[in-house]
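Chemist: Generate coordinates for the sequence data below:
(one chain, ligands or ions: 3)
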Amino acid sequence: MRLASVVLDIPTQALDAPYTYIVPESDAAYAPVTLFDEVDAAPGTDGEELAVEVGCAVVVPLGSRKVVGFVLDVRDLDEGNAPDGVDPARLRPIDAVASKPYFNEEGAACARWIADRYIAPLSACVRLFTPPGAVPKMTRSPYGAWQLVAPETQEADDRWIVPGPAFDDFQPRKNAAKQDAVVSALKSGGEAKVVELTAQVGAVSGAIAALEKKGVVTIEHRRRMRSVGDAAASAAPVRPSASAPKLTDDQARAVELVVQASRRGKGEAVLVDGVTGSGKTEVYLRAIEDVLAHGRTACVLVPEISLTPQTVGRFRRRFGDKVAVIHSRMSPGERYDQWDFIKSGLARVVVGARSALFTPLENVGLYVIDEEHEGSYKQDSAPRYHARDVALWMAARNGAAVVLGSATPSIETLHACAKDPRFHRALLPRRANGRPMPDVQVVDMAKEFGSGSRSMFSLALKRALEEELSAGRKAVLMLNQRGFAKFLLCRECGFVPECPSCSTSLTYHERGAELACHHCGRREPAPGRCPECGSPYLKKFGAGTQRVESELRGLLDEMEGVGPDVPIIRMDADTTSRKGAHQQLLETFAAADAAVLLGTQMIAKGLDFDDVTLVGVINADTTLHIPDYRASERTFSLVEQVAGRAGRAELPGRVLVQTYEGDSVPIRAAAAYDRAAFLKDELPKRKLLRYPPYAAMANVLVWGKNESEVAAEAEAVQKAVQTSVRDFGGDGWSVLPAVPCVLAKLRNTYRWHVVVRAPAGEDLSRALLPFMRRRRAHPSVSVAVDVDPFDVL
Ligand code: ADP
Ligand code: ZN
Ligand code: ZN
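Modeler: Ligands and ions are numbered 1, 2, ... in the order given. Next up, the predicted model:
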């Protein structure tokens with residue numbers, strides 16, 4: 001007898017283990033389940049018999065219900081090797097197979113690993129591997145019969161016509177002009193797509209039906225690949241261009257390191273630590289060429305926002321139509337087609353957002369993670385995995401290597417390079433085109449305020465804008481905005497109240513005019529005057545892009561040689577919500593002469609415009625005061641990244657960073673391109689306060705609609721976690737009190753959290769997995785564990 005482990009496709013909060021079912025010996029053993037509504041076979045199978053294999057969707061009984069599940073493994077039941085606690089006599093058989101395999105044994109192993117490592121429901125982890133919208137579901141018909149509903153997303157077909165057996169016998173007739181037109185189209189083209197014929201000669205279905213009956217034409221259904229929404233991805237094959245630049249010595253060394261690591265195939269990582277414009281992408285491209293030449297494939301992850309046609313175009317120009325693209329702005333149909341293209345084995349390079357890791361790309365020799373410091377590699381809903389760590393796991397399993405690229409590597413990765421022999425580092429300290437890095441000037445806004453200015457724009461920034469724009473050049477202005485946590489700031493001395501025990505800034509709460517620490521729960525009344533200098537000008541910080549835009553418009557209109565003709569292109573969450581909007585705004589900016597691109601953090605990444613000569617950061621401090629341990633690191637990266645947008649080509653660039661904290665180390669260090677100075681200040685703090693990379697950390701989130709229920713449950717969770725940590729943890733483990741999150745209320749949901757810490761390298765799931773397994777689900781309060789949280793907001 002053969003047994004299968006099946007994960008039920010039921011999204012639940014509890015951690016679900018796979019169920020065991022019997023694999024029927026023959027088709028006759030399959031119980032009658034109506035397969036689908038209209039089709040009587042699983043889509044894409046052409047009615048062929050499907051076997052129970054790892055990765056298939058199957059229909060199984062669960063009590064009196066029928067549910068869809070995914071097969072994780074299939075094995076023989078020999079004498080006495082039934083899984084723990086399973087009585088073979090009580091097992092029930094699988095009812096039907098509902099799809100071809102979505103993943104293989106490796107995928108199944110990865111899903112299990114993610115579920116354990118990130119304490120996530122196994123069903124959600126398995127779902128990472130299935131094409132979105134393309135999985136069948138069970139429903140119950142009005143008569144009580146269980147029925148499999150075909151997935152919403154399926155293959156798309158085009159109708160084509162080709163000459164039939166009687167094509168040459170066709171005799172034109174009067175009153176049948178359409179038939180005539182169809183036949184002559186076939187005579188000239190050999191075949192024709194029905195939609196195109198219709199566009200040329202009007203409705204033709206009647207004519208085609210008549211011709212088909214006579215055997216003059218034959219109708220064929222051919223698979224149509226939905227375009228991925230950018231011209232570069234059209235079906236037309238792209239000829240790989242040979243015009244790769246000659247590598248700089250630094251690049252050549254980096255490529256060599258990567259190629260060697262990939263050939264060794266031991267799951268090593270190479271950090272390509274290169275300043276903005278140093279040619280990191282060229283390093284990836286060369287390394288991938290080597291991987292492909294060895295018959296293997298490559299998976300390239302880039303942050304969602306930089307997944308523009310420019311980025312994709314660079315890969316397509318080098319690797320032609322072997323490139324598949326996966327990102328979240330594609331329609332389900334487009335994603336399905338790309339997924340299928342990868343599954344077919346024809347795609348050799350996948351470029352995509354973090355989910356591209358889970359596409360069925362086989363024989364991967366290299367994983368590339370560009371901008372590895374980016375927070376978007378961490379998924380913020382279950383399963384809360386980090387793409388970098390999953391890629392490292394996959395590379396170790398498959399005998400591949402991982403490239404991590406960044407101008408501002410995360411502290412975790414830098415730490416790993418120093419401590420972990422599997423991590424290597426390649427430095428690219430210069431721009432590939434030999435241009436110098438732009439000068440960065442820090443502008444002290446407290447001084448400006450002191451001299452009477454009340455504007456968001458410093459005198460220096462106004463002057464620089466006038467000079468550059470009136471000369472027909474471009475500027476990029478970043479409003480460093482998080483839009484939520486308000487903090488107090490003294491406009492005269494730049495003082496921001498901080499928590500003495502957590503080294504994060506206190507957030508301001510309108511209600512009760514209080515300052516609160518969201519780490520340890522400390523609360524105190526907001527001061528009326530600055531505790532440092534006594535000034536009464538304490539500002540509650542947080543300005544929107546729209547307000548900045550209108551002030552900027554007023555400024556530009558007054559400027560000599562600038563005026564109303566110079567456009568301001570605003571790029572923020574509002575203006576980029578439409579599909580393709582982000583791209584359009586960038587194109588408008590590229591096409592303009594003098595122009596200002598004004599935006600939030602999203603403009604810091606990947607922009608490569610030759611004629612940007614000025615970059616301004618309107619308020620560098622905001623990220624500094626996010627009440628989170630990573631605040632300094634984020635500020636340092638952000639300033640460094642956005643500065644990198646200036647002076648990328650012939651014209652020299654300059655950068656102005658406005659701040660109320662001219663002495664802040666992250667800002668000073670970023671302005672001087674001095675990472676060592678930043679780390680020298682930051683690392684001892686992390687160590688002292690036991691933050692990563694000097695500790696392992698998990699954030700237990702508790703949320704629900706009812707404030708008091710959430711608070712009560714959070715207290716209960718805190719106690720249960722403490723018990724679990726006492727039973728399964730060890731020395732140096734600690735559980736902080738339950739406190740409201742910084743984002744205490746999000747979309748009408750109240751949020752609390754409990755932070756758990758352990759010595760670096762310890763596996764937090766050792767104690768947190770038993771806690772989650774033991775926990776009884778609460779009817780209206782949810783709990784989830786975020787292991788290695790990117791932030792604790
Ligand atoms: P990064 O990803 O490090 O910011 P890019 O790969 O985007 O850098 O390269 C920056 C610019 O330099 C691009 O326009 C690229 O075409 C160019 N470039 C890269 N490598 C070389 C090279 N070896 N010689 C000349 N130009 C190069
Ligand atoms: Zn002050
Ligand atoms: Zn505190």
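
Chemist: For ligand 3, what's its nearest residue on the stretch 351-500 of the chain.
Modeler: Going by C-beta to the ion, ligand 3 is nearest to Cys499 of the stretch 351-500 of the chain, at 3.4 Å. Placement of C-beta: from N, CA and C, glycine included.

Chemist: Test my guess that that residue contacts Cys520.
Modeler: Yes: with contact defined as C-beta atoms under 8 Å, Cys499 counts as touching Cys520 (6.6 Å).

Chemist: Please name the bridge partners of the residue lying closest to Lys745 once chain neighbours are set aside.
Modeler: Distances taken as C-beta to C-beta, 6 or more residues apart in numbering place Arg751 nearest to Lys745, at 7.0 Å, with adjacent residues excluded. Per DSSP bridges, the residues bridged to Arg751 are Trp703.

Chemist: How about the contacts made by Arg751?
Modeler: Leu701, Val702, Trp703, Val710, Pro740, Cys741, Leu743, Ala744, Lys745 (C-beta atoms under 8 Å, 6 or more residues apart in numbering).

Chemist: worst-scoring helix or strand of this protein, pLDDT-wise?
Modeler: Within the chain, no helix or strand scores below strand 507-509, which has a mean of 76 by mean pLDDT, DSSP states H and E.

Chemist: Just the buried residues of that strand, please?
Modeler: Using 16 or more other C-beta atoms under 10 Å as the test for burial, strand 507-509 gives Thr507, Tyr508.

Chemist: if we can go back for a sec, and Cys499 and Cys520? which has more neighbours close in?
Modeler: Cys499 (20 against 15; other C-beta atoms under 10 Å).

Chemist: From Val700, how far out is the more buried one?
Modeler: Using C-beta to C-beta, to the nearest Å, Cys499 is found at 20 Å from Val700.

Chemist: Within range of ligand 1, give me the residues from the chain.
Modeler: 245-248, 251, 274, 276-282, 432-433, 608 (C-beta under 6 Å from any ligand atom).

Chemist: Of these, just the buried ones, ChimeraX syntax please.
Modeler: Selection command for ChimeraX covering only the buried members of the residues of the chain next to ligand 1, criterion 16+ other C-beta under 10 Å:
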select :247,248,251,274,276,277,278,279,280,281,282,432,608
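
Chemist: Widest-spaced pair of the residues of the chain next to ligand 1?
Modeler: Considering C-beta to C-beta, no two members of the residues of the chain next to ligand 1 lie farther apart than Lys246 and Thr276, which are separated by 20.7 Å.

Chemist: which ones are touching the closest residue to Glu105 other than its chain neighbours?
Modeler: Nearest residue to Glu105 in three dimensions, chain neighbours excluded: Val54, at 5.5 Å (C-beta to C-beta, 6+ apart). Counting by C-beta under 8 Å, 6+ apart, Val54 touches Val71, Leu72, Asp73, Val74, Pro101, Phe103, Asn104, Glu105, Ala108.

Chemist: Am I right that Val54 is in a strand?
Modeler: No: counting by DSSP: H, G, I helix; E, B strand; the rest coil, Val54 is not part of a strand but coil.

Chemist: Show the pLDDT at it.
Modeler: With respect to pLDDT, Val54 scores 95.

Chemist: roughly how far apart are it and ligand 3?
Modeler: According to C-beta to the ion, to the nearest Å, Val54 and ligand 3 sit 48 Å apart.

Chemist: Where does the prediction get shaky in the stretch 151-300 of the chain?
Modeler: For the stretch 151-300 of the chain, the stretches flagged by pLDDT under 70 are 227-242.

Chemist: one step back: roughly how far apart are the residue nearest to Glu105 and Phe70?
Modeler: 9 Å.

Chemist: rewinding a little: adjacent strands (with direction) for the least confident helix or strand of the chain?
Modeler: Partners of strand 507-509 in the sheet, by DSSP bridges, are strand 514-516 (antiparallel).

Chemist: Is ligand 3 within reach of whatever helix or strand comes next after the strand it pairs with?
Modeler: Where DSSP states H and E defines the elements, the next helix or strand beyond strand 514-516 is strand 523-525. No: against ligand 3, strand 523-525 shows no contacts by C-beta under 5 Å from the ion, the least distance being 9.8 Å.

Chemist: Distance from the very next helix or strand once past strand 523-525 to the middle of the chain?
Modeler: As assigned by DSSP H and E, the chain's next helix or strand after strand 523-525 is strand 538-540. Remark: strand 538-540 is offset 35 Å from the chain centroid, using C-alpha atoms, centre = their mean, to the nearest Å.

Chemist: tell me, how many neighbours does Gln171 end up with?
Modeler: Gln171: 9 surrounding residues under other C-beta under 10 Å.

Chemist: In space, what's closest to Lys447 - neighbours in sequence excluded?
Modeler: Leaving aside its chain neighbours, Lys447 sits nearest to Gly662 (7.8 Å; criterion: C-beta to C-beta, 6+ apart).

Chemist: which secondary structure element contains the one you found?
Modeler: Counting by DSSP H and E, no helix or strand carries Gly662.

Chemist: list the contacts for it?
Modeler: For Gly662, the contacting residues are Val442, Val443, Asp444, Ala446, Lys447, Gly494, Arg668, by C-beta under 8 Å, 6+ apart.

Chemist: elements contacting whichever helix or strand Val162 is part of?
Modeler: Assigned by DSSP H and E, Val162 belongs to strand 156-163. Applying 3 or more C-beta pairs under 8 Å, 6 or more residues apart in numbering; DSSP states H and E, we find strand 156-163 packed against helix 177-189, strand 192-193, helix 194-201, helix 205-213, strand 217-224.

Chemist: Just checking: what are the partner strands of the shortest one?
Modeler: Going back to what we said before, that points to strand 192-193. Paired strands of strand 192-193, with direction, are strand 156-163 (antiparallel) (DSSP bridges).
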